[in-house]
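Student: Sharing a model that was predicted from the sequence below.
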Amino acid sequence: MKIFSKRWSVASKIFLVVIAINLIISTVVLMTVLNSTRTEMRDVLKEHLTIDSNNIDTLTEEALASVRWRAEIAWIVLALSSSFLLYLFIYYVLKKPIGQLLNAGRKLVANAGDLRADVNINSNDELGLLGSSLNDMFSDLTEIIRVIRTTADKVNFSAQSLSASTEQMNSITEETSMTVQNIAKASDLQAQKVEEMIRE
């Protein structure tokens, strides 16, 4: 069973984990400090039961100072361990998915539009949705590019056909022009012959 089975935001996950870690560590550290302090105070009291009442205040102050010192060290250890655990959590929950998103973007830029990059983030939070959206976008862009290439090939074929038709039309026009010129020459020649016949 997953801890985060529902859709949680990254901030909610971090907040819950930090609270849980702090509670666990605080409980363990405080129980350890209290147990050691209780044992130490028993030992001190047993040892000094024979001492007069004037020294009881001094012994109490020494025991309290020892407890305070241990509590301060426990809180420092707690803060350091919580910070380290928070760093690990942020590294695995945020840094890796963001790194995958950055790598996909870099591949897209570096390979001049290589859309085969796949973002593999298996979570239901914002980063998982962003990765899924990027995969969908890459797939849609790949389809658009395929359609554009197909259309470009069709346009290229049509342009070649049009060019061939234009060349054929030019050749027919030249033939027609030559025929018209030949007819004009023949008409001129006929006109000259008719004039000659009329003069005679």
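Tutor: Now that the structure is in, tell me what you want to look at.
Student: give me the low-pLDDT residue ranges for this structure?
Tutor: Residues of the chain that meet the criterion pLDDT under 70 lie in 1-12, 44-57, 59-60, 111-114, 117.
Student: Tell me which stretches of this protein form helices.
Tutor: 10-47, 54-90, 96-110, 126-199 (DSSP state H).
Student: Give me the residues contacting the shortest one.
Tutor: Yep, that's helix 96-110 we're talking about. Under the contact criterion CB atoms under 8 Å, 6 or more residues apart in numbering, helix 96-110 has outside partners 114-121, 123, 127-128, 130-131, 134, 138. Bear in mind the C-beta positions are built from the backbone N, C-alpha and C, glycine included.
Student: Can you tell me which of these is closest to N35?
Tutor: Closest approach to N35 among the contacts of helix 96-110 (CB to CB): S123, at 40.2 Å.
Student: In contact with the closest one, which residues?
Tutor: For S123, the contact set (CB under 8 Å, 6+ apart) comprises P97.
Student: do the one 4 residues further on as well
Tutor: Contact analysis of L127 by CB under 8 Å, 6+ apart lists 10, 94, 97-98, 101, 121.
Student: so which two of these are the farthest from each other?
Tutor: Those two in these that are separated most widely, counting by CB to CB, are V10 and L101, at 13.1 Å.
Student: Now which of the contacts of helix 96-110 would you call buried?
Tutor: 115, 117, 119, 121, 123, 127-128, 131, 134, 138 (16 or more other CB atoms under 10 Å).
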